[in-house]
Structure formats: C-alpha cells, structure tokens
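A.B. asks: fold the following for me, if possible:
(chains A and B)
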Amino acid sequence: MKRSFLFFALFVFCFSFLYSQDEKQNAKLPSVVVKTLDQKQINSNEFSNDGKPFVVCFWATWCKPCLAELSAMAELYSSLQEETGIKIYAVSIDDARTVSKVKPLINSRDWEFEVILDENSELRRAMGVNNPPHTFIIGSNGEILWQHVGYAVGDEEAMIEEYKKIAKEK
Amino acid sequence: MKKVVFAFLFLFSSFPIFSQGILGGRVTGNFQMDFQASRQDSVIGAEKINEKVLMNAFTNILYTNGDFTMGMRFEAYLNPILGFDKQYKGAGLAYRFASYKKDFLEITAGNYYEQFGNGLIFRSYEERNLGLDNAMDGLRIVARPFEGVAIKGIIGKQRYYWEDIWASDDFGLVRGLDAEISLNSLIKKMNNSPLQLILGGSFVSVYNKQDDRFVIDPISGDSYKMNMPENIGSAAARVAISYKAFNLNAEYAKKGEDPNAVNGYIFRKGEAAYITAGYSVKGFGVNVAAKRIDNMSFKSRRSETGNMLNVNYLPALTAQHTYSLFAMYPYATQVNGEMGIQADIMYKIKKKTFLGGKYGMDLKLNYSRATSLDKNMVNKNPAGNYEGTLGYESSFFKMGDELYFEEINFEVNKKLSNNYKLLLMYSYQTFNPIAIGHYGEEFVYANVFAADLTQKIGKRNSLRYELQLLFTEQNYGSWALGNWLQATMEFNLKGNFFASATDQWNYGNKVGEKVHYYNFSIGYTIGTTRIQLSYGKQREGIICIGGVCRMVPASNGLFATITSSF
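C.D. replies: Alright, predicted model coming up:
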C-alpha cells in the first residue's frame, strides 16, 4: 500500500512538471452537450464570441464564493463588454435539486451572462474542474489559455487584465 | 498491486509522447489529495485512529484526440479519511473509459456518468466529498440524428467500492433508454416561437438474480416463499415548457414491484412526481416546486441499504446551506415516501432608492416543508410484519400528518460601499430526527442567524468577518446540544494567500462541556493549484450535498488538501 502511494505522489508530481514545461500544447474546450436556460441542448464546442476570446466560469446557486465572483463581474460586465467585447459563459453545476433556481436567480440579480446548465457535471468533469468557482479564458480557436480556481476579492480584476492581454495578442 | 505499478509505468512512459504532441492529442486532468491526522479527544468524541496519517487521493487523466477521448481515474484511500466508508480502503484504477464520436453517434465503453431527465429513475454520478460514486461500467450510446432529438441507451453495472462487480451475480445489471425532443428545433414552424416545448421519456430496468426469501408463520411454522421479481422495470415521462417569463418543468415516474431491504420487502409499486414552475423578469424571480416520492428506493442490489448502488436520484426539496450552523440539522429525501414543497422569491431593490442606496440590494426568501405520505397500512402477513404484502395504500395528493422538516429563511445581500459587502441571513427550522432514521426523539426548533461582512483593502486584499448564532431549547444527537455561536475571521492577500481562524462554541450546552471547536487554516492558490492546511477540532455531524448525507465523526488534529487541474 505504501508503495502505491509513493508511486502515486511521484506520478502526480512528475506529470504536472512535465506538462507545465510544455506551454504550446493548450488543451481545447471539450465537446460536451449541455443545456441553455430554456433547456435547449447545446454543444460546448459551439461556445464562441465573434472571433474573440471568451470566459467560461463554473458556479452553483449554493456556492457563496461563486455568487460573490459573479456579482463582482456583473458590476463591471456591461462597461467591459463595450470596451473589450468580452463574453462570459456562466456554467451552473446545480443538479435536479437546485437547477430550477438558476433562472430566477440570474434574472432577479439582473445578470447578463450566457447561462449554461451542466446538471450532471459532464462539462465540469471534461474540463477537470474540482470545485467551483473555476474560471477559464478560452481563445477564439477554442484553446484554454488561462484558468483560475477559487475566488478572492479582486480576482475579477486579475481575470479582466488577463483577458485584455490575451485579446490584444490575438 | 503489480497491476497498479504497471498502469503507472504505462502512463508515465506515454506522457512525453502525448505532451510533445506526436500523437496530436491533448492531455488534461486534475487531482486532489487529502491528508488527515487526528488524535483521541474524549470530550468531543474523537476516537483513536491507528494510522498516523489518513489519505484520500485521486487523479483524473483525459486524453483527447479529435473525436476520440480516453480517460481514467486513479484513486487511493490509504487509509480513508474519517467519515468515508472503510470499504474504500485500497488503491487502483476506479474509472476508465474510451469514447468516440462519429456523425450523430457517440459511443462510450467502460465507465460513464449519465442522467435521464431529473434523475427520478436513472442518475449515475459522483459526489466526491461524500464518498459517493455510482459510476456505470458498461456501454453507452447517444444518438442525435436530427437537431433537437437525443436518444440515449445505457447498459452496465454500478460501482461498489473496489468490488469486482462483473465477477458476482450479486450486482444487478442496469439497462435504460431515454429520448428527448425539442419541438422548437425539430419543427420549422416553431423555430422562433416564444413557446418552447421539450418532451422526454425514459425506461430503465434492473436485473437482479432470484434469491429466495420466506415469510414464516411463527405459530404454525408454515413458510411462504416470496415471488421475487428478477426484472424491476421503471418508466418516466417529462415535459419542459417555457413561455416568455414563465417556465415549467414536470416529471412523473413509475416503478414496478421491487421488494427490497429499504422498503421492507413490500410489493407496492413505486411512484415519483416532481414539478417546478418559475416566473422571472429583470429584478424579480419566483420559483415553486412540489414533489411526491412513494416507495422509490431503486438500487441495483436488493439487499443494499445506504448510499451505494443507487440507480435513481431523488432530490431533497429544502435549501442547500453553506453556513455550518444553518446546516446543523440536515434533511435528506425519504425514499420510502414523502411529500415536499418549496418556494423561492428573489427580489432586487433598485439602485438609487431609499433601501437600495447606491448599489441596490438583493433579497431572497425561501420556504420548504416535507411531510410523510398519507398511508393506510394493509393487513400484516402471518409473521406480523408487511414483508411480501402490498405494504400500504396512499392517495396521491394528500400530505401525511407527520412533519419531517420545515424551514423559512430570509437573506439580504447589500453592497454598502466600494469596500464593504454585507450578507445577513435568518432561518427558522423545524427538524424531525426521524428524517435521518432516529425514531422517538423530540422535534428540534431552531432560530439561526448569520452576518457576513467582506471588507476590501486595496485592490486585491480583503478581510471577511462572519458571525453565526443558533438558538434552540432542544438537544439532538451527541453534537447538536443547545445554543451555538460561531465567529470567523478570514484574511485574503493578493488573491493567492489566505488565513482564517474560526471558533464554533457550544456555549449553551447544558448536558456536557461547552466545547470550543476552534480551527485555523492557511491556504495558497496559484493558478489552478490550491494548497490548504487546517488545524483544529471538527464537531461530529452530518454533511449533505445534493440531498445525500454522510456522517462525519469528530476529529482533532491536522487536515491538508491539495487540488490542481492541468
């Protein structure tokens, strides 16, 4: 048992090292069928933003830091959209217990994100998300260019800076 | 063990190839490792652990190349951290699959997760923090022949810890079919209609081998053999309608005769109905939900109780709390029968009004109530119980007399200034211990308060102050004894580093010691990697996610977690 633990640790360690060495090979947004707020099916590889990069943010109605993050981003969203053309996909991982609260919450808070329902965490698994909130910036070609886990006050500004940098490069 | 080593070597040797892109594919994944060291503490009931350190760990690795995806998850529980079933002890590849998409077909061989509708008759999923995993092992085919049409077929068996499920007849075979049609996508005339209509239906059956079970008359000694069904069938139909600001989602499910250990081997057919309706416009949202669950435990092994081998998912219709004193008394769906209702009202007070101030204010009201079914028991069998009978009769719309859980809570979210955000929350809860299987105990009534203030300091630093209070006259279990006070202070530095101190104080304990459950945590986040170290006491309790609960024993010591995605 001890040996397999050692192997495991070694393996995880070397792997993350190996992988971080290689920055050219960015992972792509996977192809998973999820739903829109109206329950219509949509494939995640159809997420797009008129040739500009976009943001994918995993959240849930019961996740306090997620709501703090989304509410901080919502405050800046409309002015930011005008300035940079940013688009945010807010992927809810609420399951059958709470998914019906997503739409009233989004509307009552007057959030303008593209809301996606990932009821059985299929997209979450495909994107390696451990726990929400988890935010990605996706390039226009569907490549994952940046990601961040958790939320602390001010993280939204860091994300926006990163977005502007990426948008400029393209 | 050798197998594990080989799997590693194989994976290892293949990384350079993948990451250099020779095969053109891409590798992604994540991992998490939890370490726990706890010492004996008789005051809080922390038991002595034989191991110095307990560890749970897993890593997912996904390889994608165009339409082909392959993945695996290695898990290790050496030994499982407190609260996880001991049967998890061990290590190995718990999950592996390959899947291929071609035209309108998607085929997955190996392990997979899937859900039909709301999951009333089929949901395969994992809730890692609860140690819950009912992954399927078998085959799944999804076909999307036209836009707006999805047909899914599944066959396989469900995970049971580390058990070789295919080697034993003990584990039932699960088969299912689901179809969903979006009429707006399928019918051209409806493409741009404001009325959106989606219909769906599914069938699921479980094959369990025949096992003999008898009812014995204690007086005459006569025995009656139960005619156990080998196939348990179920069907469900659903509809989702949305029209402008309105939306409605309803599902009805029926299950055939399924005498099992959870329902006390009765032959009554199962039934579930779940309906939610909402109305929302800018600044205002309402959602109401109702459900009826009648004899709907659906497992792929007749004798199984507990959290494993669930074929379906029956969501609890109560608020899902994250503040710990609000979650002191948990509620989980009563699979043998319950009626539940829930309502949520959300409202935003506009900016530049008296109450709204400069930034507006968000209000949320939630009410939920769960009761028993109205049951008329049938005649008992000769042995004096209900095994082998139809159990009971029940009228569909009538709520039972026994209250299981009731809660009303109110939440206010307000940005006070550029640097301060405040959240206030109040809840009144009525909890019947029967809901978690404890009979003959008195109801618990509790008033719970929380105030949570976040202060922004500079651009990227913040302080968070949290105060929670719980008032109750009742004692429940060995941990929910009288009044509680919890204070937390958390410091975040540059979005990377955090430190927090919490004291959960059972100051109103009239039975035993007024324990301080203090806890200190520090954490560091860089990109997608997060390391957290905590030291302190954890009270015994129950944590619930998505309506499924797990008992967490008391502990006193260190806890460390590393998570990362790559």
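A.B. asks: give me phi/psi at A:S71?
C.D. replies: When read as degrees, to the nearest 10, the backbone of A:S71 gives phi -70, psi -40.
A.B. asks: cool, and the one 4 residues further on?
C.D. replies: With angles defined as degrees, to the nearest 10, A:E75 shows backbone torsions of phi -60, psi -30.
A.B. asks: just B:F326 next, same as before
C.D. replies: phi -70, psi -20.
A.B. asks: tell me the pLDDT of it.
C.D. replies: Looking at B:F326, its pLDDT stands at 94.
A.B. asks: what sits against B:A290?
C.D. replies: B:273-275, B:317, B:339-342 (C-beta atoms under 8 Å, 6 or more residues apart in numbering or on different chains). In this view, the C-beta of every residue, glycine as well, is placed from N, C-alpha and C.
A.B. asks: and the helix or strand containing it, what's its mean pLDDT?
C.D. replies: Assigned by DSSP states H and E, B:A290 falls within strand B:284-294. Strand B:284-294 carries an average pLDDT of 97.
A.B. asks: in its sheet, what does that strand sit against?
C.D. replies: strand B:270-281 (antiparallel), strand B:337-349 (antiparallel) (DSSP bridges).
A.B. asks: for chain A, what's the nearest residue on chain B?
C.D. replies: B:G285 (2.6 Å; C-beta to the nearest C-beta).
A.B. asks: number of nearby residues for that residue?
C.D. replies: 25 (other C-beta atoms under 10 Å in any protein chain shown).
A.B. asks: same check, this time on A:E156
C.D. replies: By other C-beta under 10 Å, the burial measure for A:E156, its neighbour count, is 23.
A.B. asks: got a list of what the closest residue to B:W479 other than its chain neighbours touches?
C.D. replies: Nearest non-adjacent residue to B:W479, counting by C-beta to C-beta, 6 or more residues apart in numbering or on different chains: B:E540, 4.5 Å away. The contact partners of B:E540, by C-beta under 8 Å, 6+ apart, come to B:44-45, B:477-479, B:551-554.
A.B. asks: and the gap between B:E540 and B:R530?
C.D. replies: Remark: distance between B:E540 and B:R530 (C-beta to C-beta, to the nearest Å) = 27 Å.
A.B. asks: hmm, B:A451 and B:L423 touching each other?
C.D. replies: Yes: using C-beta atoms under 8 Å, B:L423 is in contact with B:A451, at 7.3 Å.
A.B. asks: who has more neighbours out of the two?
C.D. replies: Neighbour count, other C-beta under 10 Å: between B:L423 and B:A451, B:L423 has more, with 19 against 15.
A.B. asks: what about the helices in the stretch 1-150 of chain B?
C.D. replies: Counting by DSSP state H, counting those that start in this stretch, the stretch 1-150 of chain B has helices at residues B:2-19.
A.B. asks: same question but for chain A, I mixed them up
C.D. replies: Ranges of helices in chain A, per DSSP state H, are A:2-21, A:64-84, A:102-108, A:122-126, A:155-169.
A.B. asks: quick one: the last one near chain B?
C.D. replies: It stands for helix A:155-169. Yes: Helix A:155-169 lies within reach of chain B by C-beta under 8 Å from any C-beta of the partner chain, at A:155, A:157-158.
A.B. asks: contacts for that helix?
C.D. replies: So helix A:155-169 is contacted by A:52-53, A:55, A:69, A:72-73, A:76, A:80, A:84-86, A:135, A:137, A:139, A:145-146, A:148, B:459-460, B:495 (C-beta under 8 Å, 6+ apart).
A.B. asks: at 7 Å what do you get?
C.D. replies: By C-beta atoms under 7 Å, 6 or more residues apart in numbering or on different chains, the residues outside helix A:155-169 that reach it are A:52-53, A:55, A:69, A:72-73, A:76, A:80, A:84, A:86, A:135, A:137, A:139, A:145-146, A:148, B:459, B:495.
A.B. asks: count the neighbours of A:E161 for me.
C.D. replies: Going by other C-beta under 10 Å, the residues that sit close to A:E161 add up to 10.
A.B. asks: how near is it to chain B?
C.D. replies: 11 Å (C-beta to the nearest C-beta, to the nearest Å).
A.B. asks: how far away is that residue from A:K52?
C.D. replies: Distance from A:E161 to A:K52, by C-beta to C-beta: 16 Å.
A.B. asks: residues in contact with residue 148?
C.D. replies: No chain specified, so I'll use chain A. Taking C-beta under 7 Å, 6+ apart, we find A:H148 in contact with A:135, A:155, A:159, B:527-528.
A.B. asks: please go with chain B instead
C.D. replies: B:181-182, B:185-186.
A.B. asks: tell me which two of the contacts of B:E540 sit farthest apart.
C.D. replies: B:I44 and B:M551 (14.7 Å; C-beta to C-beta).
A.B. asks: and the residue of chain A closest to chain B?
C.D. replies: Residue nearest to chain B within chain A: A:P104 (2.6 Å; C-beta to the nearest C-beta).
A.B. asks: quick one: that residue from B:G285, how far?
C.D. replies: Remark: distance between A:P104 and B:G285 (C-beta to C-beta) = 3 Å.
A.B. asks: now B:G71
C.D. replies: Counting by C-beta to C-beta, the gap from B:G71 to B:G285 is 37 Å.
A.B. asks: for residue 138, list each beta-bridge partner.
C.D. replies: Using chain A here. Under DSSP bridges, the beta-bridge partners of A:I138 are A:F54, A:I144.
A.B. asks: hmm, no, I was thinking of chain B.
C.D. replies: According to DSSP bridges, the residues that bridge with B:G138 are B:G110, B:G156.
A.B. asks: next, count neighbours for it.
C.D. replies: 19.
A.B. asks: I figured it hits B:K157, correct?
C.D. replies: Yes: B:G138 lies in contact with B:K157 (C-beta atoms under 7 Å); the separation is 6.4 Å.
A.B. asks: so B:G256 touches B:I232, yeah?
C.D. replies: Yes: B:G256 is in contact with B:I232 according to C-beta under 7 Å; the separation is 5.6 Å.
A.B. asks: excluding its backbone neighbours, what's nearest A:P133?
C.D. replies: Nearest to A:P133 is A:C66, by C-beta to C-beta, 6+ apart, at 4.3 Å.
A.B. asks: contacts only, for that neighbour.
C.D. replies: A:59-60, A:132-133, A:151.
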